[in-house]
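Participant: I would like the atomic coordinates for the input below:
(4 chains, ligands or ions: 4)
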Amino acid sequence: MPEITYLEAIRQGIWEELDRDSNVVMLGEDIGGYGGAFRVSSGMIDHFGTGRIIETPICESGFTGAAIGLSFMGYRPIVEMQFIDFISCAFSMITNFAAKLRYRWGASVPIVVRGPSGAGVRGGPFHSQSVEMFFAHTPGLKIVVPATAADAKGLIKASIRDPDPVIYLEHKYLYRRIKENVPPGDWTVPIGKAAVRRTGRDLSVITYGAMVHVALEAAGLLEKEDISMEVLDLRTLLPLDRESILATVRHTNKVFVLHEDTRTCGIAGEIAAIINEEAFEDLDGPVLRVTAPDTPVPYSPPLEEFFLPKVSDVVAVARKLVAY
Amino acid sequence: MPEITYLEAIRQGIWEELDRDSNVVMLGEDIGGYGGAFRVSSGMIDHFGTGRIIETPICESGFTGAAIGLSFMGYRPIVEMQFIDFISCAFSMITNFAAKLRYRWGASVPIVVRGPSGAGVRGGPFHSQSVEMFFAHTPGLKIVVPATAADAKGLIKASIRDPDPVIYLEHKYLYRRIKENVPPGDWTVPIGKAAVRRTGRDLSVITYGAMVHVALEAAGLLEKEDISMEVLDLRTLLPLDRESILATVRHTNKVFVLHEDTRTCGIAGEIAAIINEEAFEDLDGPVLRVTAPDTPVPYSPPLEEFFLPKVSDVVAVARKLVAY
Amino acid sequence: MTNERLLEIYRFLLLNRLFDERLQKLYRQGKVVGGLYASTGQEAISVGSALTLQPGDFIGPMIRNVGSLLVRGVDPKDVIRQYMARATSPTGGRDGNLHFGDITKGIIGPISMLGSQIPVLAGVALGMKLRGRPNVALVYTGDGGMSMGDFHEGMNFAAVMKAPLVVILENNGYAYSTPTTRQMTVSSLADRAPAYGLERITIDGNDVLQVYDTVGAAVAKARAGGGPSMIECMTFRMRGHAEHDDMAYVPKEELEQWRAKDPILRFECVLVERAVADAAECDRIKESIRHQLEADFDSVDTEPFPDGSSCLGGVYA
Amino acid sequence: MTNERLLEIYRFLLLNRLFDERLQKLYRQGKVVGGLYASTGQEAISVGSALTLQPGDFIGPMIRNVGSLLVRGVDPKDVIRQYMARATSPTGGRDGNLHFGDITKGIIGPISMLGSQIPVLAGVALGMKLRGRPNVALVYTGDGGMSMGDFHEGMNFAAVMKAPLVVILENNGYAYSTPTTRQMTVSSLADRAPAYGLERITIDGNDVLQVYDTVGAAVAKARAGGGPSMIECMTFRMRGHAEHDDMAYVPKEELEQWRAKDPILRFECVLVERAVADAAECDRIKESIRHQLEADFDSVDTEPFPDGSSCLGGVYA
Ligand SMILES: Cc1ncc(C[n+]2csc(CCOP(=O)(O)OP(=O)(O)O)c2C)c(N)n1
Ligand SMILES: Cc1ncc(C[n+]2csc(CCOP(=O)(O)OP(=O)(O)O)c2C)c(N)n1
Ligand SMILES: [Mg+2]
Ligand SMILES: [Mg+2]
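Facilitator: Ligands and ions are numbered 1, 2, ... in the order given. You can find the predicted model right below:
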């Protein structure tokens, strides 16, 4: 079993689901012969045909709406945003139409909206955004954020099979930067379950997406200082895995949250609130956070590097929290 | 000086600014002869003319974009959403175009996007939403949430004069339910400053909008039990008034957040995170929250009443926190 | 057309009209929760268009298309329940008015955001085509809703996909208080059809037979793989945007002109001309519908409001 | 048209072409940060249209309208700085490529979301009208961008407001890899004009004089209070969507056909025919522009990257 990239893992997951269930279809721009801007759908149209791989005009709200309509006809549509930033153009369709349908009249909208998310590749303010917090406040949606190739595959498959609308945020920085052996066969990663990526004694960092790798690198450095840091990868942001969050708090009694997304009203706040409510007495220090600053994602390399949380930032906050 | 309603306060504030500065214009649906769905612009078109009160087709993204364009021509446009729920249709225009402009190339976008927000009037899932958290995560925006008639007037005037895009959320439940004497003359309420509505000794509730009145009622009841609750009205959600939040924490050492908005990823999380970071040692108990549940806003009276946080919920959490 | 069919049309026109009138009474009694949106004057469009459909076809109504729902087999009581926000309503009181749907009946309830039905029903229609089913999706929009981006995105999508979608443009002269002339510069909504490679079609929306024939032809074309159509139906909104609206902005003469074109009175003339029914027969039908409606309204009035806690649950599967 | 004007047009066409080519070299050298979007083959549209403007007019370029910016007085070095993400760039390195603007020069830089320039420039145009200024706003969109809701909302808004907005539709056959035929069902983008009460206008976008004349007439009409126009310019994108794209999806013959219609070669024939310049003179002009560009590129290359911490600040006034 060869190693595959995070990108290839997504492609395989989609391919297998298209193969498994003829109700699975994909919609998006340039996803036909071109194979999509990042080639996630490479080869698919030849294999599955234009009835399954539906290349659309440029209309994110329109084709997301159409995906909702297709789901009423029993389909399980995957909607590709060429860059996830363009999901903003479908904001009302997702939060008002898709998210509220089951609650209102019981209809299922098993769509997956996915696309390249996150910074680190010089994409600038409109091709680098973290869009999770635009949607994390809307009941009815699920949000998954794979950090590994195996999760990328297992979560896309779980998302496609999920009966509710799922926003699947693939981190474009990881596309070709990580490679892994991915288990063979038909398996999924459950939505709503976090994973401890590294166990620790002294404190925990709660994170997701590309920052999982930054956290692991920091944990390695901290080990040399005899600081044992647990790394919890959330994998799903909505619904959050409260049990795993509380378990790590109860285990190490000191936690901080790390996210690439900007600071104010990022997911760290929700996590701090949950911990306050349910594990305040287990805390031996404040819930801290390491995040990007409150600016758009800048373009120039020194700016983007400054913007992104770094291993050294993580190490510094970990040291501070351990010393608390 | 007669008492005026919250609605009339908004109307007066806009009127005075239209009068004061010929660059102030208003755009929206049915805001001409009809005076807007809630009559906020009643009489304005006759007084200021069609060059200032610009009735538009139904195109929230289009007229918000046009407002951005008008601001490049030196105007200070006020954009009315007939119900604030429709702001979702302008989501990309606001978060991508308006919010990022100054950061990118230094242009000023002094627009105000305002409209009737919030629940309690049987509006159902699409005419009752709290939209603040859709925008609170986007650097470049400001969000104000007046709870009193005086603030409604002072904050609309401040918003119109502000050089950055402001989302002004007027609570439709308060429109005609509260009446106040509003000071005469030309004055504003500064954006970014919270107000202590009632001082207290034992604990603090941090809240905003219509819930300020629920908090005050609860504080009155608690007083009879000899529980002295401080009520902090945030008035602005972005930027948050960190000083006032920290001051009340340091004063009472026990705080909870109350918001009508749904629970997960509401503003309570950000407040919990700030307090953890900056005043953890001042806490004699966890930062708790009282919020609506994670559902769309339901329509039927018993459901909507169940959905909305009540005085009894506030009292119960206050007692719990005091006993902590 | 058979006499039975003509009488069926008449019954649905009346049902639509009398149902709206009874709802208005309910509203005045303070028993409607929230706003009430009447379709008075526009019944011929809903009824004439929905009657062209077959089993397996879908509709995407807007707020004024109660007539379409009734034709498609929705129990009037369900609509009353929605307006009265009862536990027994199709949404269990979670949403109101016509904001409900039923996939098994092919009904996709709207959300409030204008325009959004078009892409969604375009997707439904595409699904029919992909499944090789000889079905169509029928969707409605007001004149005002056509200024929304979603209208454009959905129409273009349907056109490119050659989806079996029939779009009814209800030109009732106003969007809330705003006359069509201040919403767009075209003299006819049909001028938007060529933008999607479609034929310009404008009909008298107060002539139910013309609606039936024209929509029927478009439906047949779509069913046969001929792709989408747009049909402008000229009509008038004889009441305010909602019951609270006294429509002071509508000139009296305009209203009077349109009162003379009432779709139901006109259809009664047809019935009489074609000797399908005389005035007495028409009255009898009216009475029997009224009677049934009274029973329906009385019955729903005894039904419970939902329990507050049923606010929870059902957000996810 | 005077010889001076013809030579000015020629110089801008060349500047646009040679500038793009030099950027492509920069890209191959690995010195461009992010992607590079060429306008090769479409220069006549940018240059011909922007040259019709006067002081106080505004433009809303898209990513391929570097020619328009150069005509409107933007320093080529500023564009190089943007692509090289230098501290000295108009955005201080915060954004790239043509994503910058300058109100004082009447330039509204785009955001990436297609369609959104249209409402914004419609607002600019409305502002001109409200202020009683005899100015116009010129905005560009690709064929693909026309499927976005914002295109529709902005066009309708401009039409209803009778705003002095001139919209250039660049029909270059493709949206990224998707040919126009799979984005829409109309045979011409101009078929969308009547949907806004506007005239259908289609011209040869590779004929700079036709662009100049047609846009000039629309600009004059808008300036005189005649409201908006839409002009389809037929052209071809002679390079990939961005430099990474080898455009394997474009049939070789299609590319060859369009190479024969190169707007610059064609304009050189005009110059020769009208005896404005001979081949040698053309070469001299080319050389002098090339020379100047080399100096510009070399000079920017010595300029610093921004300091990381300048990422902060400037979000609010
Ligand atoms: C996106 C959006 N903006 C505003 C509204 C508020 N609104 C509800 S109905 C209406 C007028 C609709 O007019 P039209 O489409 O002509 O339908 P009609 O009421 O005439 O049937 C408006 C402005 C809305 N529902 N959705
Ligand atoms: C809303 C949105 N969706 C998708 C994209 C990604 N994208 C960038 S350019 C492009 C193709 C644009 O085609 P066209 O408008 O014809 O312009 P051209 O590149 O041909 O000049 C696409 C799909 C985008 N920028 N914005
Ligand atoms: Mg109408
Ligand atoms: Mg193109």
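Participant: Kindly state the pLDDT recorded for residue 250?
Facilitator: You didn't say which chain, so I picked chain A. Per-residue confidence (pLDDT) for residue A:250: 98.
Participant: if you could check chain C rather than the one you did, that'd help
Facilitator: Looking at residue C:250, its pLDDT reads 97.
Participant: What's the separation between the closest residue to it other than its chain neighbours and ligand 3?
Facilitator: Setting aside the residues directly before and after it, residue C:250 is nearest to residue C:174 in space (CB to CB, 6 or more residues apart in numbering or on different chains), at 7.1 Å. C-beta here means a position set from N, CA and C on the backbone, and glycine is covered the same way. Residue C:174 sits 5 Å away from ligand 3, going by CB to the ion, to the nearest Å.
Participant: Measure how buried residue C:174 is and give me the count.
Facilitator: By other CB atoms under 10 Å in any protein chain shown, the residues close to residue C:174 number 23.
Participant: quick one: contacts for it?
Facilitator: Residue C:174 sits next to C:143-144, C:180, C:237, C:241, C:249-250 when contact means CB atoms under 8 Å, 6 or more residues apart in numbering or on different chains.
Participant: Ramachandran coordinates for it?
Facilitator: Backbone torsions for residue C:174, taken as degrees, to the nearest 10, come to phi -140, psi 150.
Participant: Quickly note the distance from it to residue C:142.
Facilitator: Distance, residue C:174 to residue C:142, by CB to CB, to the nearest Å: 9 Å.
Participant: Which of the contacts of residue C:174 fall in strands?
Facilitator: Using DSSP state E, no member of the contacts of residue C:174 sits in strands.
Participant: Tabulate the residues you listed in a markdown table, adding columns for neighbour count.
Facilitator: Converted to a markdown table, these look like this (neighbours: other CB atoms under 10 Å in any protein chain shown):
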| residue | neighbour count |
| --- | --- |
| C:143 | 22 |
| C:144 | 25 |
| C:180 | 20 |
| C:237 | 25 |
| C:241 | 23 |
| C:249 | 17 |
| C:250 | 20 |
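Participant: Just put these in a markdown table and tack on distance to residue C:262.
Facilitator: As requested, the contacts of residue C:174 are arranged in a markdown table below (distance: CB to CB, whole Å):
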| residue | distance to residue C:262 |
| --- | --- |
| C:143 | 20 |
| C:144 | 23 |
| C:180 | 20 |
| C:237 | 13 |
| C:241 | 20 |
| C:249 | 21 |
| C:250 | 16 |
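Participant: now, which of the residues you listed sits nearest residue D:77?
Facilitator: Set against residue D:77, the nearest of the contacts of residue C:174 by CB to CB is residue C:144 (48.6 Å).
Participant: I'd say the closest one and residue C:173 touch.
Facilitator: No: the criterion here is CB atoms under 8 Å, and residue C:144 misses it with residue C:173 at 10.3 Å.
Participant: Dig out what the residue nearest to residue C:250 forms beta bridges with.
Facilitator: Beta-bridge partners for residue C:174, by DSSP bridges, are residue C:179.
Participant: That one and residue B:34, how far apart?
Facilitator: For residue C:174 relative to residue B:34 (CB to CB), the value is 10 Å.
Participant: again with residue C:166
Facilitator: As judged by CB to CB, residue C:166 and residue B:34 stand 32 Å apart.
Participant: picking up where we left off before, could you pull out the residues contacting both of residue C:144 and residue C:173?
Facilitator: Common neighbours of residue C:144 and residue C:173 (CB under 8 Å, 6+ apart) are residue C:180.
Participant: Could you find the closest non-adjacent residue to whatever residue of the stretch 151-300 of chain A ends up closest to ligand 2?
Facilitator: Nearest residue of the stretch 151-300 of chain A to ligand 2: residue A:172, at 13.8 Å (CB to the nearest ligand atom). Counting by CB to CB, 6+ apart, residue A:172 lies nearest to residue A:116, which is 3.8 Å off, once chain neighbours are set aside.
Participant: What of residue C:14?
Facilitator: Sequence neighbours aside, residue C:289 is the residue nearest to residue C:14 in space, at 5.3 Å (criterion: CB to CB, 6+ apart).
Participant: Would you check that that neighbour makes contact with residue C:17?
Facilitator: No: contact criterion CB under 8 Å: residue C:289 and residue C:17 do not qualify, at 9.1 Å.
Participant: Do you have the helices of chain A handy? List them.
Facilitator: Secondary structure of chain A (DSSP state H): helices at A:6-20, A:44-48, A:60-72, A:91-92, A:101-105, A:132-135, A:149-161, A:211-224, A:242-252, A:267-279, A:301-307, A:311-322.
Participant: closest to residue D:199 out of those?
Facilitator: Here helix A:60-72 is closest among these (CB to CB), at 26.9 Å.
Participant: What's the mean pLDDT across the closest one?
Facilitator: In this model, helix A:60-72 has an average pLDDT of 98.
Participant: distance of the residue nearest to residue A:172 from residue D:144?
Facilitator: Applying CB to CB to residue A:116 and residue D:144 gives a distance of 19 Å.
Participant: list the contacts for residue A:55?
Facilitator: By CB under 8 Å, 6+ apart, residue A:55 lies in contact with A:28-32, A:45, D:178, D:182.
Participant: Of those, which ones also sit close to ligand 2?
Facilitator: Near ligand 2, judged by CB under 6 Å from any ligand atom, the entries from those are residue A:29.
Participant: mind checking how far residue A:242 is from ligand 4?
Facilitator: In this view, residue A:242 and ligand 4 are 48 Å apart by CB to the ion.
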